[in-house]
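# Pasting the sequence and the predicted model now:
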Amino acid sequence: MTFDSLGIDSRILTALKNQGYTTPTPIQQQSIPVLLDGFDLLGTAQTGTGKTAAFTIPIIQHLLNNPSSKRREIKALVVTPTRELALQVAENAKRYSAGTGLRTAVIFGGVGQSPQVDQLKNGVDYLVATPGRLLDLHNQGYIDLRHLTHFVLDEADQMLDMGFIHDIRKLLKIIPQRRQSLFFSATMPKDIIELSSQILKSNYKQVRIAVEKPTAERVSQAVYYVAKNDKPALLLELLKDMEGSVLVFGRTKHGCDKVVRILNQKGVKASAIHGNKSQNARQNALNAFKDGSLKVLIATDIAARGIDISGLEYVINYELPNIAETYVHRIGRTGRADASGASISFCAADERAYLKDIEKLIKLSIPLIEVHPFSEGANAEWAKPENRIPAKQGQGQRQGQRKPSSNRPAGNNSKGGNGRRKSGNGFARGGK
């Protein structure tokens, strides 16, 4: 199947060809015809599968088929949880609508509002926004949503995680009831399903792109058992053998800044992006990372949503996420399109439960790199009484020993193996 077979306007097809697009992804194949027919849509797909194009292309076509009779009016609104994702969606919308005359704008907080207000005054057809700044400028009278015909809630699960539910409910009271609504989320917990029922019409269609493994097939994965205090040294050692850009994930803003200081002191050029950074600082770091002048980018999960780096080879989970689904989003930053990639995770003693949840979700025992310069420190940390796994009553299992699960081959229990599948030395290039 090609984009030509989906009934897309020739002007959009030209723009897509100029971007090198020829074959739609599965979510694009299934979503675009449904949206062109005017149905509401609930979409679920793995990160990096082309969701933005899946909803943007048919919206652009609808706008071209129904031009505003008077001055430009906001007809399409896409709401995203982060500034980075808003910028990415807006950039793609401009590419897909190149040559059509449609005008796209993006607004978000953390920067002065004057340039954004100027864009709005000049007229906008397709608006991408984060919730806070959107409501703020609407309350000030700079945004008129009365003529809205298309509404997209993107990355809805992350929206709820960031506490935007009240802003979304306020927004739903403002926008017209007669509209086409699109609801996209990488995961579908109960609260997300409840929210979608408030947004979508009763005859909505659903597109769910299921995969046997909820992680990118082209991404190799490995885990290192390492003491918490040895993580900086392990990271520095791994970076010596890594060419190209490396995206490193931490759980907290303070933790990310600390890693940056350590790397910079050792001569490794690194920057952090998180919620405490100004928008200019975040964008400058991201641009430097994209053009290759910055080797290492340290990011929190919220700041990293929307990062789309072509050819990114390595993702390092410096700290494992406490929500298993977040791991999937993290490693989805690499191995995008037809590229390959590697995900490397550091697991300290207090993160074992997180690792167990991740492996349960992805239905895979992540290969363990057992032999590395810091394995002894990991063994010592894991052997401390407070870090031992208590034996279940009646099992007679020795404290500190991890019983192999049914989906994990029973291997050597030395050097932190505990029944995990071994992956040899593999220290150089992260065991890739």
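Structure's in. What do you need?
# Any chance you could list what contacts stretch 247-263?
Around stretch 247-263, the neighbours that count as contacts under Cβ atoms under 8 Å, 6 or more residues apart in numbering are 232, 235-236, 239, 269-276, 289, 296-301, 304, 307, 309, 312, 314-319, 321-322, 330, 333-334. Placement of C-beta: from N, CA and C, glycine included.
# Kindly write the ChimeraX command that selects the buried subset of those residues.
Filtering the contacts of stretch 247-263 down to the buried ones (16 or more other Cβ atoms under 10 Å) takes a single ChimeraX command:
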select :232,235,239,270,271,272,273,274,289,296,297,298,299,300,301,304,307,309,312,314,315,316,317,318,319,321,330,333,334
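# from the contacts of stretch 247-263, which ones fall inside helices?
In helices, judged by DSSP state H, the following of the contacts of stretch 247-263 are found: 232, 235-236, 239, 289, 301, 304, 330.
# mind putting these in JSON lines, pLDDT included?
Shown next, in JSON lines, are the ones in helices among the contacts of stretch 247-263 (pLDDT from 0 to 100):
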{"residue": "232", "pLDDT": "95"}
{"residue": "235", "pLDDT": "96"}
{"residue": "236", "pLDDT": "95"}
{"residue": "239", "pLDDT": "94"}
{"residue": "289", "pLDDT": "88"}
{"residue": "301", "pLDDT": "80"}
{"residue": "304", "pLDDT": "61"}
{"residue": "330", "pLDDT": "85"}
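# can you list those in CSV and add distance to residue 40?
As requested, these are arranged in CSV below (distance: Cβ to Cβ, whole Å):
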residue, distance to residue 40
232, 49
235, 45
236, 50
239, 46
289, 37
301, 29
304, 29
330, 30
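# just those now: which is nearest residue 8?
residue 304 (31.2 Å; Cβ to Cβ).
# quick one, the helix or strand that contains residue 224 and helix 231-239 angle?
Under the criterion of DSSP states H and E, residue 224 resides in strand 219-225. In terms of direction (axes from the mean of the first three to the mean of the last three Cα atoms, to 10 degrees), strand 219-225 departs from helix 231-239 by 140 degrees.
# gap between strand 219-225 and the chain center?
On the basis of Cα atoms, centre = their mean, to the nearest Å, strand 219-225 is displaced by 19 Å from the centre of the chain it belongs to.
# Kindly report the same for stretch 21-40.
Distance of stretch 21-40 from the chain centroid (Cα atoms, centre = their mean) equals 21 Å.
# can you tell me the distance between the two ends of it?
25 Å (Cα to Cα, to the nearest Å).
# Low-confidence stretches in the stretch 1-150 of the chain?
Applying pLDDT under 70 to the stretch 1-150 of the chain flags residues 46-48, 69.
# how about the strands of it, start to end?
41-44, 76-79, 104-107, 126-129, 150-153 (DSSP state E, counting those that start in this stretch).
# Out of the ones in helices among the contacts of stretch 247-263, give me the two with the largest separation.
That would be 236 and 301, which, of the ones in helices among the contacts of stretch 247-263, are the farthest apart (Cβ to Cβ) at 22.8 Å.
# picking up where we left off before, of the strands of the stretch 1-150 of the chain, flag the one that's most buried.
strand 126-129 (a mean of 26; mean count of other Cβ atoms under 10 Å).
# CA atoms only: put that one into CSV for me.
The C-alpha trace of strand 126-129 is given here as CSV (Å, rounded to 0.1, in the frame of the first residue of the first chain):
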residue,chain,number,x,y,z
TYR,A,126,-4.0,24.5,12.7
LEU,A,127,-3.0,25.1,16.3
VAL,A,128,-0.8,22.9,18.5
ALA,A,129,-0.7,23.7,22.2
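# Tell me if I'm right that residue 160 and residue 192 touch.
Yes: look at residue 160 against residue 192 with Cβ atoms under 8 Å: they come within range, at 6.6 Å.
# okay, those two: which has more neighbours?
Using other Cβ atoms under 10 Å, the more surrounded residue of residue 160 and residue 192 is residue 192, with 20 against 17.
# That one falls within a strand, correct?
No: judged by DSSP: H, G, I helix; E, B strand; the rest coil, residue 192 forms no part of a strand; its state is helix.
# list the contacts for it?
When contacts are counted by Cβ under 8 Å, 6+ apart, residue 192 touches 156-157, 160, 185.
# can you pull out the strands in the stretch 251-400 of the chain?
270-273, 296-299, 314-317, 341-347.
# Packing partners of the second one?
Spelled out, it's strand 296-299. strand 246-249, helix 253-265, strand 270-273, helix 279-291 (3 or more Cβ pairs under 8 Å, 6 or more residues apart in numbering; DSSP states H and E).
# and the ones you listed, which is most packed in?
strand 246-249 (a mean of 26).
# now it: mean pLDDT?
The average pLDDT within strand 246-249 is 94.
# and that strand, how far out from the chain's middle?
Distance, centroid of strand 246-249 to centroid of chain: 13 Å (Cα atoms, centre = their mean).
# List the strands paired with that strand, with their directions.
strand 296-299 (parallel), strand 314-317 (parallel) (DSSP bridges).
# tell me the contacts of the closest residue to residue 229 other than its chain neighbours?
Spatially, and ignoring its direct neighbours in sequence, residue 229 is nearest to residue 377 (7.4 Å; Cβ to Cβ, 6 or more residues apart in numbering). Neighbour list for residue 377: 226-227, 229-230 [criterion: Cβ under 8 Å, 6+ apart].
# nearest to residue 85, of those?
Nearest to residue 85 among the contacts of residue 377: residue 226, at 31.3 Å, using Cβ to Cβ.
# What's the local residue count around residue 158?
Residues near residue 158, counting by other Cβ under 10 Å, number 22.
# Quick check: it is in a strand.
No: counting by three-state DSSP, residue 158 is located in no strand; its state is helix.
# right, and it touches residue 81 too?
Yes: using Cβ under 8 Å, residue 158 is in contact with residue 81, at 4.5 Å.
# rewinding a little: including mean pLDDT, could the strands of the stretch 251-400 of the chain go into a markdown table?
Formatted as a markdown table, the strands of the stretch 251-400 of the chain follow (pLDDT from 0 to 100):
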| stretch | mean pLDDT |
| --- | --- |
| strand 270-273 | 90 |
| strand 296-299 | 92 |
| strand 314-317 | 94 |
| strand 341-347 | 92 |
